[in-house]
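**Student:** Starting from these lines, generate the structure:
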Amino acid sequence: MQSVRKELFDILKPYFNDRKYKFFNNSGDPRFVKVDQGIVVHFFFNFFRNGSEVGFSRFNISHLEIEDIILEISGPNWILDDYLKKDKYFLSTIIDNNSEININEDRPLETKKQVQEYAKAIKHYTETNGKAFLDKYSYLPNLLIEMDKLEQEGKGWYEIIDGMGSYLFRVLIISKLCNDPDFDRKLSICDDNFNTDPILIRDGWQPYYEQLKLKLSALSPKYNL
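**Tutor:** Residues are numbered from 1 along each chain as shown. Modelled structure (predicted):
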């Protein structure tokens, strides 16, 4: 058998190329990227144990109307050179952390048949759970609905929105773009977080947050629930 990596991508490249994805064969994290009308879908793979064990990230969605603002503001100690190129690396708005693929991902791929089964599981995810994830969260107001649902359940926004301190940036940008009647309350919550959370204070998020609030004051709603 050829290397697991080559065998796998010989199967997946034509499949995703047909779906308008571009393949970047990076040494550490080979990835597929599709840019379509301000929305970027991207995912990557990692190879472990001499390349026989594969990690699959599931789908990431980047809403550029959100991420372009965050790129402009930046964050403490961020190095954004690769992201500013906007070709193979993108800041993620949301990551599919919940979907499973129908295969044991902890098992090393040691035969051609196992590689084929793994590729088949990736395709199945793409056409089922992955498709459902993209269909739902490519529409920004659905993110706001899910954020509010999580809050009602006593859960955090970070369970759906990506980022460390920057997830709160995304929450407010989504809220403002969606003409959220609850925007001011969310802003107050974020004010409290950035003013009192010892980790956010230690890491130096406050000046970036003040820049965000200036951006938000000039940002016009685009969607209505």
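
**Student:** Neighbours of Lys176, how many?
**Tutor:** 20 (other Cβ atoms under 10 Å). C-beta: built from backbone N, CA, C; applies to glycine.

**Student:** mind checking which helix or strand it is in?
**Tutor:** helix 166-177 (DSSP states H and E).

**Student:** How about residues contacting that helix?
**Tutor:** For helix 166-177, the surrounding residues in contact (Cβ atoms under 8 Å, 6 or more residues apart in numbering) are 65-66, 69-70, 73, 75, 91, 93, 140, 143-144, 147, 157-158, 161-163, 180, 182-183, 186-187, 190, 193-194, 208-209, 212, 216, 219, 221-223.

**Student:** so where's this protein shaky on pLDDT?
**Tutor:** Low-confidence segments of the chain (pLDDT under 70): 1-2, 49, 51, 106.

**Student:** residue ranges for the strands of it, please.
**Tutor:** For the chain, applying DSSP state E gives strands covering 22-24, 31-36, 39-48, 53-56, 60-63, 94-95.

**Student:** Format those as TSV; extra columns: mean neighbour count.
**Tutor:** Formatted as TSV, the entries for the strands of the chain read as follows, by neighbours: other Cβ atoms under 10 Å:
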stretch	mean neighbour count
strand 22-24	15
strand 31-36	18
strand 39-48	18
strand 53-56	17
strand 60-63	23
strand 94-95	22
